[in-house]
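Chemist: coordinates only, no sequence provided:
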């Protein structure tokens, strides 16, 4: 008889455990994923320039002052949403390196021609190799890089005024950028 009563409480116990686990996950922010390469240099790469397929770019072509790396693609609807704001940031003097991720060159070149080019340099990562080395989950993602070429911060999602003012600008200042 006691065994039957204990068996009746097992489903209730399982339900309570599931509720506790579900509730714990509700408090996590999916945009706050750990950055595997925090404090490490931008991974070594050799990629074509988006606008010049015959030009090979590598780490030596990256800026020697704090900058952003923005991972984007034409297949990414959120990238289209953030794009006008990135153009505004460029007009304000923010140095942004674009990483065209797993995309088609012709579409990406047309995108920048039609919508404006917010980038000082655009790396064409057709196979996603550099993206993989950075730990990219998808597009858009934006990285803060300091003057020594070390990755300091990663933002997953759209860059807009709030993200810039509350997150990326302070991170870029901490990385040594002078507004």
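Modeler: That came in fine, so what should we check first? Note that the coordinates shown come from a computational prediction; the quantities given were computed from them, not determined experimentally.
Chemist: low-confidence bits of this protein, can you list those?
Modeler: The chain contains residues with pLDDT under 70 at 1-35.
Chemist: ranges for the helices of it?
Modeler: 2-26, 77-91, 105-115, 129-134, 161-163, 169-174 (DSSP state H).
Chemist: which residues touch the residue nearest the centre of the chain?
Modeler: With distances taken as Cα atoms, centre = their mean, residue 141 lies nearest the centre of the chain, 1.6 Å away. Residue 141 makes contacts with 70, 71, 134, 154, 155, 156, 157, as judged by Cβ atoms under 8 Å, 6 or more residues apart in numbering. For the C-beta atoms, the positions are set from N, CA and C on the backbone; glycine is no exception.
Chemist: which ones among these are found in strands?
Modeler: 70, 71, 154, 155, 156 (DSSP state E).
Chemist: kindly reformat these as TSV containing neighbour count and distance to residue 92.
Modeler: Formatted as TSV, the ones in strands among the contacts of residue 141 follow (neighbours: other Cβ atoms under 10 Å; distance: Cβ to Cβ, whole Å):
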residue	neighbour count	distance to residue 92
70	26	15
71	28	21
154	24	22
155	21	18
156	18	23
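Chemist: ok, of these, which one's closest to residue 48?
Modeler: residue 71 (16.3 Å; Cβ to Cβ).
Chemist: residues contacting that closest one?
Modeler: Residue 71 touches 99, 101, 131, 134, 136, 139, 140, 141, 142, 143, counting by Cβ under 8 Å, 6+ apart.
Chemist: how about CSV for the residues you listed, with distance to residue 163 added?
Modeler: Listed next are those as CSV, based on distance: Cβ to Cβ, whole Å:
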residue, distance to residue 163
99, 18
101, 19
131, 20
134, 19
136, 17
139, 15
140, 10
141, 12
142, 8
143, 13
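Chemist: of these, closest to residue 121?
Modeler: Nearest to residue 121 among these is residue 99, at 9.6 Å by Cβ to Cβ.
Chemist: now the closest one, which residues is it bridged with?
Modeler: When assigned by DSSP bridges, residue 99 has beta-bridge partners residue 71, residue 123.
Chemist: residues in contact with it?
Modeler: Neighbours of residue 99 in contact, by Cβ under 8 Å, 6+ apart: 69, 70, 71, 72, 122, 123, 125, 130, 131, 134.
Chemist: residue 144 versus residue 174, what's the distance?
Modeler: Going from residue 174 to residue 144 by Cβ to Cβ, to the nearest Å gives 8 Å.
Chemist: out of these two, which sits in the busier spot?
Modeler: residue 144 (24 against 13; other Cβ atoms under 10 Å).
Chemist: run through the bridge partners of that one.
Modeler: With DSSP bridges as the rule, residue 144 is bridged to residue 68, residue 153.
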